[in-house]
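K.L.:
quick one, what's the 3D model for this:
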Amino acid sequence: VLEILDTAGTEQFASMRDLYIKNGQGFILVYSLVNQQSFQDIKPMRDQIIRVKRYERVPMILVGNKVDLEGEREVSFGEGKALAEEWSCPFMETSAKNKASVDEL
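P.N.:
Below is the predicted model of the structure:
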């Protein structure tokens, strides 16, 4: 069963987040390629997952979304790839709008 919790970076779900993390078996961390702040916000989310799971090697993948807006890009492919390498997790870029690489994810 795949259960998706899309918090969209809001604090509305902050109180529930630990519970979802505790019960989750794998995580897809998604940021917007056209929003540098969303890239920065994903880092504490990963830290929270590690803290709650009490395990450094939690299955996760880092995803840069909105590749269809290449002209508005604020986060380079290299930045995303470097962070994924630091975290030892897979990395990919997608477009939910155009469904680019969504099936592969």
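K.L.:
how about the nearest residue to residue 27, chain neighbours excluded?
P.N.:
Nearest residue to residue 27 in three dimensions, chain neighbours excluded: residue 60, at 4.2 Å (C-beta to C-beta, 6 or more residues apart in numbering). No exception for glycine: its C-beta is placed from N, CA and C like everyone else's.
K.L.:
for that neighbour, phi and psi?
P.N.:
When read as degrees, to the nearest 10, the backbone of residue 60 gives phi -150, psi 160.
K.L.:
surely it meets residue 25?
P.N.:
No - counting by C-beta atoms under 8 Å, residue 25 is not a contact partner of residue 60; they are 10.4 Å apart.
K.L.:
tell me which of the two has more neighbours.
P.N.:
residue 60 (21 against 8; other C-beta atoms under 10 Å).
K.L.:
distance of that one relative to residue 66?
P.N.:
Look at residue 60 and residue 66: by C-beta to C-beta, to the nearest Å, they are 20 Å apart.
K.L.:
same thing with residue 44?
P.N.:
Residue 44 sits 21 Å away from residue 66, going by C-beta to C-beta.
K.L.:
what helices or strands is the top helix by length along the chain leaning on?
P.N.:
Determined from DSSP state H, the single longest helix within the chain is helix 36-53. Judged by 3 or more C-beta pairs under 8 Å, 6 or more residues apart in numbering; DSSP states H and E, the packing partners of helix 36-53 are helix 14-23, strand 27-32, strand 60-65, helix 77-87.
K.L.:
cutoff 6 Å now
P.N.:
On a contact count with 3 or more C-beta pairs under 6 Å, 6 or more residues apart in numbering; DSSP states H and E, helix 36-53 meets helix 14-23, strand 27-32.
K.L.:
for those, which one ends up most surrounded?
P.N.:
The highest mean neighbour count among the helices and strands packed on helix 36-53, using mean count of other C-beta atoms under 10 Å, belongs to strand 27-32: a mean of 19.
K.L.:
so what pLDDT did the residue nearest to residue 56 when sequence neighbours are not counted get?
P.N.:
Computed as C-beta to C-beta, 6+ apart, the closest residue to residue 56 that is not its neighbour in sequence is residue 50, at 6.0 Å. Residue 50 carries a pLDDT value of 93.
K.L.:
since that was my last question, I'll sign off now.
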